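Chemist: quick one, fold the following:
(4 chains)
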4 protein chains.
Amino acid sequence: MSHNLLKGKRGIIFGALNDMSIAWKVAERAVEEGATITLSNTPVAVRMGETNELGKKLNAEILPADATNVEDLEMVFVKSMEILGGKIDFVLHSIGMSPNVRKKRTYDDLDYDMLTKTLDVSAISFHKMMQVARKLDAIETGGSLLALTYVAAQRVFYGYNDMADAKALLESITRSFGYIYGRDKGVRVNTISQSPTMTTAGSGVKGMTDLLDFSEQMAPLGNANADDAADYCIVMFSDLTRKITMQNLYNDGGFSSMGMSLSAMQQYTGRGKDRDETGNAIKE
Amino acid sequence: MSHNLLKGKRGIIFGALNDMSIAWKVAERAVEEGATITLSNTPVAVRMGETNELGKKLNAEILPADATNVEDLEMVFVKSMEILGGKIDFVLHSIGMSPNVRKKRTYDDLDYDMLTKTLDVSAISFHKMMQVARKLDAIETGGSLLALTYVAAQRVFYGYNDMADAKALLESITRSFGYIYGRDKGVRVNTISQSPTMTTAGSGVKGMTDLLDFSEQMAPLGNANADDAADYCIVMFSDLTRKITMQNLYNDGGFSSMGMSLSAMQQYTGRGKDRDETGNAIKE
Amino acid sequence: MSHNLLKGKRGIIFGALNDMSIAWKVAERAVEEGATITLSNTPVAVRMGETNELGKKLNAEILPADATNVEDLEMVFVKSMEILGGKIDFVLHSIGMSPNVRKKRTYDDLDYDMLTKTLDVSAISFHKMMQVARKLDAIETGGSLLALTYVAAQRVFYGYNDMADAKALLESITRSFGYIYGRDKGVRVNTISQSPTMTTAGSGVKGMTDLLDFSEQMAPLGNANADDAADYCIVMFSDLTRKITMQNLYNDGGFSSMGMSLSAMQQYTGRGKDRDETGNAIKE
Amino acid sequence: MSHNLLKGKRGIIFGALNDMSIAWKVAERAVEEGATITLSNTPVAVRMGETNELGKKLNAEILPADATNVEDLEMVFVKSMEILGGKIDFVLHSIGMSPNVRKKRTYDDLDYDMLTKTLDVSAISFHKMMQVARKLDAIETGGSLLALTYVAAQRVFYGYNDMADAKALLESITRSFGYIYGRDKGVRVNTISQSPTMTTAGSGVKGMTDLLDFSEQMAPLGNANADDAADYCIVMFSDLTRKITMQNLYNDGGFSSMGMSLSAMQQYTGRGKDRDETGNAIKE
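Modeler: Below is the predicted model:
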């Protein structure tokens, strides 16, 4: 259901690959809420994925671009302003990739060129977007920029590898640039730290099923899915959150505030529901 | 402008004293967004303040109650369900008071009965609300409960006194009960950590003007005001944030993520605008 | 082995019950490092426990006192200065108790008088110690005060109940008073957030064995025990940490920075060691 | 005064430039506490600085190396083991440099090759040290690795520029590798987050004097200096802190837990000491 939260707003969504993508859902919801948008993804992803299909459905132009390439990003912002007829109100950065993970290099055997690539694609690209946008004066006063992140930036999840470091860097860039963009143009910059989500990217992670289950059992509300993430993005793009900036916002069913849930402990001990909420044996 | 974000929802707003109150603004916005509500405040505040006027304006019944009194709270929830015609979807806790601050006891000369009162009024009352509501099964599945807090729960602000400890306790209660209420009923429980706000309560704080100015200079977007807080509350009460729980959400223009801004430093040094963003002298 | 880290220093240790107590180990290590100390505990604990035995062993006088009673605390500080021959250099607060936990009241069915008692015993007692000490000018310039806490102050552990709120309050008091005591007398105030520890208090917690096991599997260095805690306390009482204040210091083998370890996940899934560090199946 | 805290231990200190360097003080204190060490710095720094003088004084061999170069780091660890006669017990990483800061590029006009250099020198070098050391099995079981960082990793300080992002990355690497090194070899990995310190590096920062003053006024114990940092490093290298890992440890006189001090506010308002601790006017 639409609330017209983004009526008249113009946005750019980076990273919509297919209908499992969070960015895909955000694009759909943004249009539903009254926005006009452009879509950007890597040329390869545009060719391989279903981005064109989404573009048709949403009447949104596709702008293939390498988000680590400053010229490509300039093109995306310039063309988006042309196409949409004015400055941009919101941007979603949903981009992340680790060659070390892909090549199954463990964290104590990283290839450093690959690490540089991980950081460039997954974190520095957000800085590049903002620096480019700012030089072009492409963002409307009071605009809202978002990137997606994960709690591995704060706590170690085995196997998440150098993506954890990339997310920590991404969140720092969010704060650092958020100060400047806020001070000078009233632009908000935040990250949404999402539950593990079974996207195409996510499903490539080995052990993802286990992690999804553990998170689901730990989080009192269960995992947030891509639809939940899209709703949160809409809220953050809207005018209802104009003073929120430089924040890392958890959309995770409460996972980030949990140390141990009854449900997860019952699974952990393998004894099933043998204790009540106070930890007393209930089979005595 | 209404987005019908709370259409058909029922809410209780605790703590609307007058039109400077955040709770007052939240009440107005909630009704504007389609909710029906009841209002509650202490009997003294109801007599002394303008709550009745707000009640008339919003067609909302006033339920005077001492929020530290379990029986009073039971009455508020029972009557609210009767009046509004069903279970409650959202609650705002905007309650705080320190007798030590009022009596100008410094933090190293606290009266301990007063400290107990500070904690009971400003923090434990939120637990009492939730325990009462849960026993009455008064909150709708997927409901949303909010309390207002301040960054003094994390960092020391001189003169904020035992209210800092009360806010830390409030935020812990939010997490602790949030786990249980989420797990068992899908109810969200969060705090919004607001910029210092010139409410009647706020204006009673000595040094408030200085604090407002410092926060305004530090925060890249400036201080969030009561209207901004109301918008954020609406968002958190709506169905667009259904997986967010046990969080402390800063609505502060970025203050909480700042260490030192150029603007605040210029004021601090008393030299005015003599340095640029990198700290280089600009008057050389 | 002694390093003479506390040579010539005078201290008060609150909460040594028996040789499983962290406070007991701290007392032993403090004397070993050259300090002279007094011991304090509740009159009941002194009668029931083995505190007298420790006192004899360490040549330390026992001062029975209710740590929630201001007059008792005054007595402890006055007598300790007399006995030890000067102002106090360090204090350990190792005190915590929840009647709600003892009476098996769950967190959504708290008795509020008991909650007040939990907070008074486990958190406000630390404020009372500091306020009393400061009024008596009982702490040496550069002195060091410590309280023991647990990560449940930050994240919810089912069954930890209102002790979580007490610990959050304790940590806030540490910051709030730490500012004043630091500014005015150069006194440090910190908390050490310890792994779950199988003390007499700890062993009373139902589900403690499970929690110990989970923490042990999550923490890369395993749980810190009472001896480890004692060493950390010695370090924090020494002159080698003179600028550290208002901090919550984790002594937990890394638990607090973990989201999920390989070892805990293997136990959680019940499949044993079927995946390597990157999450790849190793039995394929 | 020595406490023999590092008796028989072997260490490597990276980054001692001159007697203002924190690393220099750590080297001196480590030897004083009974350790034998080697020193490493860039070839240029070794030629330009006074590292050789320190080497003579401490009877420590100098191993010039580029800390971003894996082969150089291998040489440092291999030679250090030869020279010191066994595996390494502790390592200090005190390395940081931003070409963007040097070239006065503001944060919204970064050169991206320079940013890559900033991250490589200031953060990734720590990963390289650990990966190299682990492959060589160069660290003794229970060893302790430290890197120096700054609170700008958590909050924005204008003008700190891309060094803030580098420090955030450094702290993430500390956690990520800390998990692996702890789990597999019992090795601790932590960061110490130090007050701004007037080292040669620090003194190059424009606005450093103002920042030092602000920090001094905010921190109840005042700024920690290089000697204080050295003491903390000794403690963290010693056997007294064996279960502390993956932590960011503030050595800052309490700055990180402050929101606003009376002293800083008095300077900020320019009115001098006109209010007492509760914020009441004292000149009325």
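Chemist: okay, CA-based contacts and neighbour counts for the rest of this
Modeler: Will do.
Chemist: now residue A:6, what's its secondary structure?
Modeler: coil (DSSP: H, G, I helix; E, B strand; the rest coil).
Chemist: wait, what's in contact with it?
Modeler: By C-alpha atoms under 8 Å, 6 or more residues apart in numbering or on different chains, the contact list for residue A:6 reads A:30, A:33, A:34, A:35, A:234, A:237, A:238.
Chemist: which two among those residues are spaced furthest apart?
Modeler: Spatial extent of the contacts of residue A:6 (C-alpha to C-alpha) is set by the pair A:34 and A:237 at 11.8 Å.
Chemist: give me the distance between whatever residue of the stretch 1-150 of chain A ends up closest to chain C and chain D.
Modeler: Taking C-alpha to the nearest C-alpha as the measure, the point where the stretch 1-150 of chain A comes nearest chain C is residue A:106, at 6.0 Å. Taking C-alpha to the nearest C-alpha, to the nearest Å as the measure, residue A:106 and chain D are separated by 10 Å.
Chemist: report the buried residues of stretch A:128-144.
Modeler: A:128-134, A:138-144 (16 or more other C-alpha atoms under 10 Å in any protein chain shown).
Chemist: run the chain-centre distance for it.
Modeler: 19 Å (C-alpha atoms, centre = their mean, to the nearest Å).
Chemist: again, but for stretch A:71-78
Modeler: Worked out by C-alpha atoms, centre = their mean, stretch A:71-78 lies 20 Å from the chain centre.
Chemist: what about that stretch, near chain D?
Modeler: No - Stretch A:71-78 does not reach chain D (C-alpha under 8 Å from any C-alpha of the partner chain); its nearest approach is 12.9 Å.
Chemist: same question for stretch A:188-197.
Modeler: No - using C-alpha under 8 Å from any C-alpha, stretch A:188-197 stays clear of chain D, coming no nearer than 13.3 Å.
Chemist: for the closest residue to residue A:51 other than its chain neighbours, give its distance to chain D.
Modeler: Nearest residue to residue A:51, sequence neighbours excluded (C-alpha to C-alpha, 6 or more residues apart in numbering or on different chains): residue A:17, at 5.7 Å. Residue A:17 sits 27 Å away from chain D, going by C-alpha to the nearest C-alpha.
Chemist: wait, residue A:17 sits on residue A:24?
Modeler: Yes - if you go by C-alpha atoms under 8 Å, residue A:17 and residue A:24 touch, sitting 6.9 Å apart.
Chemist: comparing residue A:34 and residue A:237, which residue is more hemmed in?
Modeler: residue A:237 (26 against 17; other C-alpha atoms under 10 Å in any protein chain shown).
Chemist: quick one, what contacts the residue nearest to the more buried one when sequence neighbours are not counted?
Modeler: In space, and not counting its chain neighbours, residue A:237 is closest to residue A:144: 5.4 Å by C-alpha to C-alpha, 6+ apart. Neighbouring residues of residue A:144 by C-alpha under 8 Å, 6+ apart: A:89, A:90, A:91, A:187, A:188, A:189, A:236, A:237, A:238.
Chemist: which of the residues you listed are buried, as a PyMOL select command?
Modeler: To isolate the buried members of these in PyMOL, using 16+ other C-alpha under 10 Å:
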select buried, chain A and resi 89+90+91+187+188+189+236+237+238
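Chemist: tell me the one of the contacts of residue A:144 nearest residue C:117?
Modeler: Proximity of the contacts of residue A:144 to residue C:117 (C-alpha to C-alpha) peaks at residue A:236, which lies at 42.0 Å.
Chemist: what's the first helix or strand after the helix or strand hosting that closest one?
Modeler: Residue A:236 is part of helix A:226-237 when elements are defined by DSSP states H and E. Once helix A:226-237 ends, the next helix or strand along the chain (criterion: DSSP H and E) is strand A:248-251.
Chemist: list the strands paired with that following strand, with their directions.
Modeler: strand A:188-194 (parallel) (DSSP bridges).
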